[in-house]
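[1] Curious how this folds, go ahead:
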Amino acid sequence: MACTNCSTGTKDGTPRGCKNNGTCGTDSCNKLTVFDWLGNMTLPNGEAAFDCVEVRFKNGRKEFYRNTEKITLSIGDVIATEASPGHDVGIVTLTGELVRVQMKKKGVSLNSPEILKVYRKASQKDIDIWSDARDKEEPMKVKAREIAIHLKLEMKISDIEFQGDGSKATFYYTANDRVDFRQLIKEYAQVFKTRIEMKQVGFRQEASRLGGIGSCGRELCCSTWLTDFRSVNTSAARYQQLSLNPQKLAGQCGKLKCCLNYELDTYLDALKDFPDFETKLHTENGDAICQKQDIFKGLMWFAYTNNFANWHVLNIEQVKEIIAINKDKKKVSSLEDFAIEIVIEPEANFNNAMGQESLTRFDQPKKSKNKNRNRNKSKEKVSNPNQAATPNPNQGKNPNQGNGNKPQNKRPVIIKKNEDKK
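    Have a look, this model is predicted:
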């Protein structure tokens, strides 16, 4: 899902694929970006610019680097950064005071000695080596998967990322259990002739790196704006009264969708006003158990234990009133006295005023009309098996064409059945 054109740059080092200095809207060029709303503001007199920059690598991976050489950098510049060993090549995505805010947000110390430094702006030679290394990743990934299958390892090579100078390749893999890949690394080093680093990622991190389209029709949240992956439980689906269907609740990563937590707090706040779902109502006709809730309308459906087929709709205020009566060790007469009637409004059907045909007209197979005609003819033949075929002499003529243009007198044709010969 990366922008392959951005890896090819011009002589001054700026990418020419997106035509916008690395900030185009094609997936990873715009993945998890931060709008620099301080970009058009100047620093006060005597204030030095913040010496750290945010750099983006393949599939939206971002790191912070210290600009010790005081190089003039702007968003979209391709730079060479420190790596172990050699150097790496990335694109600057953020500069200035907003980098300080991002570092605090991600828990990176501002004075940490572990922050690597920026070497220089990438030259054309650096960009060519970087581009050649990126072209090797896809065929290399296919070969790496074949080797892992040959060694019968229960793991999946999801992605390969080359370092900017081509001296090291990082293999990202997913696995359910621990994998002994010592023999695998030996095979990779022998086949690919480069330094190998294995890095295990979770299934959610794999989906965020690869990207994709969710069931909602939009890009995955984890690959566009979501940075932290919180645990998602099936209780979130129960609170929202969703069907516990794993095919509908699972995302591209095979785990529960992260969006199940988005509206969970709103549902929990609404459920504070509701009585407990396991509450029983005691009536003279029998005990009643809650079967369903409507959080937005404040309704609850109850049914008697001896008749689960009939449900009665009650407001939460009426349910609380019955519960208060039951606490005094009293019973109400029946639920019918408190039940409300729900008026079903007629659905507004759309009438096509333009006379256009339905889009589903090709879903049903078209019936053949010739079959019906053949059936009718066969029925007529069966009903009159002895009918004599008498030719009509006036067939094909106009009845008004006669002597003096007078209509001819038509005689009725009498059809007799063949009498049995004696």
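[2] Are we agreed that residue 160 is in a strand?
    Yes. The assignment for residue 160 is a strand, going by DSSP: H, G, I helix; E, B strand; the rest coil.
[3] pLDDT value on it, please?
    With respect to pLDDT, residue 160 has a value of 93.
[4] so what's it bridging to?
    residue 171 (DSSP bridges).
[5] Quick one: residues contacting it.
    137, 140-141, 144, 169-172 (C-beta atoms under 8 Å, 6 or more residues apart in numbering). In short, each C-beta sits where N, CA and C put it, glycine included.
[6] most neighbours, which of those?
    residue 171 (24 neighbours; other C-beta atoms under 10 Å).
[7] Please look at that residue and residue 187 and confirm they touch.
    No. Residue 171 lies out of contact with residue 187 (C-beta atoms under 8 Å); the separation is 11.7 Å.
[8] quick one: which of the contacts of residue 160 is nearest to residue 224?
    residue 172 (19.3 Å; C-beta to C-beta).
[9] where's the residue lying closest to the closest one once chain neighbours are set aside relative to residue 100, distance?
    Among residues not flanking residue 172 along the chain, residue 159 sits closest, at 4.5 Å (C-beta to C-beta, 6 or more residues apart in numbering). According to C-beta to C-beta, to the nearest Å, residue 159 and residue 100 sit 31 Å apart.
[10] between the two, which one's more packed in?
    Comparing residue 159 with residue 100 by other C-beta under 10 Å, the one with more neighbours is residue 159, at 18 against 15.
[11] any chance you could map the helices in the stretch 251-400 of the chain?
    Ranges of helices in the stretch 251-400 of the chain, per DSSP state H, counting those that start in this stretch, are 264-271, 316-327, 369-383.
[12] rank those helices by mean pLDDT and give me the bottom one.
    Minimum mean pLDDT among the helices of the stretch 251-400 of the chain: helix 369-383, a mean of 60.
[13] so where's the protein uncertain?
    1-31, 341-359, 361-362, 366-422 (pLDDT under 70).
[14] ok now do the residue nearest to the spatial centre of it, which residues does it touch?
    Centroid check for the chain by C-alpha atoms, centre = their mean gives residue 214 as the closest residue, at 0.9 Å. Taking C-beta under 8 Å, 6+ apart, we find residue 214 in contact with 220-221, 251-252, 257.
[15] go again using 7 Å as the cut-off
    220, 251-252 (C-beta atoms under 7 Å, 6 or more residues apart in numbering).
[16] Wait, a helix at residue 84?
    No. Counting by three-state DSSP, residue 84 is not part of a helix but coil.
[17] Look at it and say how many residues are nearby.
    As a burial measure, residue 84 scores 9 neighbours (other C-beta under 10 Å).
[18] same deal with residue 313?
    Counted with other C-beta under 10 Å, residue 313 comes out at 18.
[19] what are the bridge partners for it, then?
    Going by DSSP bridges, residue 313 forms beta bridges with residue 301.
[20] And it, how close does it get to residue 302?
    According to C-beta to C-beta, residue 313 and residue 302 sit 8 Å apart.
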